[in-house]
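Participant: Quick check, what structure comes out for this input:
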Amino acid sequence: MMTCKTRRRTLFLPIVRVVALGACAQLVQADLLAQQQVPPAGQDEPQLSPIEAKAQAERDAAELAVAAAREQLNDRYDSLESLLLDLEDDYALLTTSAQAATHRNALVVAMSDSLPAARARLVALAAQGRRPNRNARARVLSDVFADPVAQSSTVDPRLASWIADQVATDLGSRGTLDDVGSTEVLRALGKIFVPGESWHLFWNRAFHVDLAEAGDWAAAQQRYEEAGLALDRLRQPERYGPRGEIAPAGMVVVPGGSYELGPGTGYKRSIQQVSLKSFAMDRREVTQREYKTFIDAQERSVQRELLPRDWFLNGLGLSEPPEGLANHPVIYVSFDQAAAYAAWAGKRLPTENEWEAAAAGTAGWAYPWGNGWRSNQCNGAGASAGTLPVESFPHATSGAGCFDMAGNVWEWTSTLEDESDISTLPDGPVNVIIRGGSFRDDRDRLTSRYRWIAPGHATFAHPLYDRPIGFRCAADL
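Facilitator: Modelled structure (predicted):
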């Protein structure tokens with residue numbers, strides 16, 4: 001029995017056979033942004049170089065592929081939702097209606113009457129020397145159940161056929177069908193339905209699994225995700241490593257390999273030949289807004305010790321940073337505060353070698369943007385009297401794709417002055433390497449190689465210590 005419904009319900013989507021790609025969140029973002037910017041009327045479009053034109057053509061093609069995949073996915077979704085709505089009353093007919101027992105008995109009778117035909121077919125197979133296993137028995141039962149169930153059932157043929165297949169699988173697991181009758185069929189049928197279970201829960205738990213429509217939807221979902229991933233690779237190549245590594249949102253992949261780092265100036269060290277595994281690095285420094293979210297998510301008992309200098313807690317237990325600086329890097333945080341944020345975010349602080357690799361790249365650039373000094377590429381050397389919003393210099397990213405690795409604020413690493421890497425600070429007086437320079441520093445301190453130290457414990461406890469230190473996070477891939 002099929003009923004046309006004018007109301008719409010929220011579709012409980014199938015949860016099997018759906019590929020959950022790590023870039024699924026970025027897929028949505030890439031799809032929403034897949035709109036061409038049209039220049040104002042009367043304004044000529046900028047001329048693209050051959051390389052830029054080729055890259056634009058590839059992005060255009062990828063956007064068309066996303067649009068086509070999205071349209072196909074919507075079609076499959078509509079088909080699946082329509083089926084769910086069509087079958088809801090049929091499920092109620094077998095479970096909660098006043099005639100539920102009658103309709104179930106019709107199915108039981110149809111399958112019970114087919115058992116002799118199934119036994120005969122199994123005997124014939126055995127006579128041919130083909131001893132049927134449980135799968136073969138289930139296939140025979142499904143085959144002989146098909147027509148009788150379809151003819152006698154008052155519910156949608158797709159639901160009736162699925163029920164018959166489930167009973168066939170249950171009965172086929174028995175070693176023989178000689179002792180199988182209507183009681184066993186009724187018992188097998190009863191296993192399918194959980195008392196009090198709603199149609200949508202039944203759909204998600206069991207029914208949708210073997211539907212062709214669900215398989216079509218899952219395949220369309222995978223194609224959509226793959227198209228979005230291809231588009232995201234073209235839009236944000238820095239998020240993808242050479243071996244297919246994918247950085248979390250807001251991070252870039254720093255490729256693994258051999259790096260020549262240094263020689264370090266400031267707190268000097270010799271040239272280092274290091275081998276690094278690929279890792280992810282935040283594109284920018286952690287902002288005041290992000291750090292506020294972190295503090296406000298903590299228990300009241302620990303919030304106060306996580307406050308940077310000049311922050312306070314209001315009467316509601318919410319942190320209050322300096323006004324108007326939400327998108328500026330958080331500043332005056334201790335090593336422990338930075339490490340606590342990183343752990344809360346599921347990340348960690350970068351080692352000194354990782355920080356320099358992200359800033360200087362495999363080419364060992366003197367500055368994150370290249371080997372030549374440019375006064376308009378960072379917040380340092382007198383560019384401003386304080387911090388600037390993150391990503392204020394969009395054309396001065398490092399080779400890895402990181403912003404503000406020169407100037408704005410110093411950044412903590414997880415490396416001590418003796419060049420040992422740590423996850424937590426050891427007891428006693430200890431100094432930690434900081435990198436990147438700040439808005440207060442001259443060009444000599446804004447290089448990819450300049451390094452300095454800061455006391456690890458209670459850095460800002462003393463009112464005279466005001467070195468502007470912030471941080472960005474790293475993560476293993």
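
Participant: Excluding covalently adjacent residues, which one is nearest to residue 310?
Facilitator: Sequence neighbours aside, residue 322 is the residue nearest to residue 310 in space, at 5.8 Å (criterion: CB to CB, 6 or more residues apart in numbering). For every residue, glycine as well, the C-beta is placed using N, CA and C.

Participant: gap between residue 329 and residue 384?
Facilitator: 13 Å (CB to CB, to the nearest Å).

Participant: Can you report phi and psi for residue 165?
Facilitator: Listed backbone geometry of residue 165 is phi -70, psi -40, with angles given as degrees, to the nearest 10.

Participant: Could I get the contacting residues of it?
Facilitator: By CB atoms under 8 Å, 6 or more residues apart in numbering, residue 165 lies in contact with 142, 145, 210.

Participant: If we use 6 Å, what do you get?
Facilitator: When contacts are counted by CB atoms under 6 Å, 6 or more residues apart in numbering, residue 165 touches residue 142.

Participant: ranges for the strands of the protein?
Facilitator: Taking DSSP state E as the criterion, the chain carries its strands at 251-254, 257-261, 265-266, 272-276, 279-282, 312-313, 319-320, 410-416, 431-435, 450-455, 469-470, 474-476.

Participant: Now render these as TSV, adding mean neighbour count and mean pLDDT.
Facilitator: As requested, those are exported to TSV (neighbours: other CB atoms under 10 Å; pLDDT from 0 to 100):
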stretch	mean neighbour count	mean pLDDT
strand 251-254	26	94
strand 257-261	16	93
strand 265-266	16	95
strand 272-276	13	93
strand 279-282	26	96
strand 312-313	12	92
strand 319-320	18	93
strand 410-416	24	97
strand 431-435	24	96
strand 450-455	19	95
strand 469-470	28	96
strand 474-476	16	96
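
Participant: more neighbours, residue 329 and residue 384?
Facilitator: Shown here are residue 329 and residue 384; by other CB atoms under 10 Å, residue 329 has more neighbours (29 against 13).

Participant: give me every residue that touches the more buried one.
Facilitator: By CB under 6 Å, 6+ apart, the contact set of residue 329 is 285, 387, 390, 408-409, 470.

Participant: Let me see the ranges of the helices in the stretch 101-250 of the chain.
Facilitator: For the stretch 101-250 of the chain, the helices defined by DSSP state H, counting those that start in this stretch cover 134-152, 157-172, 182-192, 199-205, 212-235.

Participant: mind giving me TSV with the ones you listed and columns for distance to residue 315?
Facilitator: What follows is the helices of the stretch 101-250 of the chain, written out as TSV (distance: least, CB to CB, whole Å):
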stretch	distance to residue 315
helix 134-152	67
helix 157-172	59
helix 182-192	57
helix 199-205	44
helix 212-235	44
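
Participant: now the ones you listed as CSV including distance to residue 248 and mean pLDDT?
Facilitator: What follows is these, written out as CSV (distance: least, CB to CB, whole Å; pLDDT from 0 to 100):
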stretch, distance to residue 248, mean pLDDT
helix 134-152, 43, 93
helix 157-172, 40, 93
helix 182-192, 42, 93
helix 199-205, 29, 92
helix 212-235, 13, 90
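
Participant: To residue 90, which of the ones you listed lies closest?
Facilitator: Nearest to residue 90, of all these, is helix 157-172, at 5.2 Å by CB to CB.

Participant: buried set for that closest one?
Facilitator: Residues of helix 157-172 classed as buried: 158-172 (neighbour count, 16 or more other CB atoms under 10 Å).

Participant: how far off helix 212-235 does that helix point, in degrees?
Facilitator: Here the directions of helix 157-172 and helix 212-235 differ by 100 degrees (axes from the mean of the first three to the mean of the last three CA atoms, to 10 degrees).

Participant: ok so, going back, closest to residue 353 among the buried residues of helix 157-172?
Facilitator: Proximity of these to residue 353 (CB to CB) peaks at residue 169, which lies at 57.4 Å.

Participant: Residue 276: what's its closest spatial neighbour, skipping adjacent residues?
Facilitator: What sits nearest to residue 276 in space, not counting adjacent residues and going by CB to CB, 6+ apart, is residue 256, at 5.3 Å.

Participant: My guess is that neighbour contacts residue 274. True?
Facilitator: No - under the criterion of CB atoms under 6 Å, residue 256 is not in contact with residue 274, lying 10.6 Å apart.

Participant: Can you check which residues contact both of these two?
Facilitator: Joint contacts of residue 256 and residue 274 (CB under 6 Å, 6+ apart) do not exist.

Participant: Which among the helices of the stretch 101-250 of the chain is found nearest to residue 121?
Facilitator: Going through the helices of the stretch 101-250 of the chain one by one, with CB to CB as the measure, helix 134-152 comes closest at 5.2 Å.

Participant: Give the buried residues for the closest one.
Facilitator: Under the neighbour-count criterion of 16+ other CB under 10 Å, helix 134-152 has 137-142, 144-146, 148-149 buried.

Participant: any chance of these in JSON lines, plus distance to residue 191?
Facilitator: What follows is these, written out as JSON lines (distance: CB to CB, whole Å):
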{"residue": "137", "distance to residue 191": "17"}
{"residue": "138", "distance to residue 191": "15"}
{"residue": "139", "distance to residue 191": "20"}
{"residue": "140", "distance to residue 191": "20"}
{"residue": "141", "distance to residue 191": "15"}
{"residue": "142", "distance to residue 191": "16"}
{"residue": "144", "distance to residue 191": "20"}
{"residue": "145", "distance to residue 191": "16"}
{"residue": "146", "distance to residue 191": "20"}
{"residue": "148", "distance to residue 191": "20"}
{"residue": "149", "distance to residue 191": "17"}
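
Participant: which of these lies closest to residue 309?
Facilitator: Using CB to CB, residue 138 is the member of these that sits closest to residue 309, with 70.8 Å.

Participant: How about the closest one, nearest residue that isn't a chain neighbour?
Facilitator: Across the structure, with CB to CB, 6+ apart as the measure, the residue nearest residue 138 apart from its sequence neighbours is residue 172 (3.1 Å).
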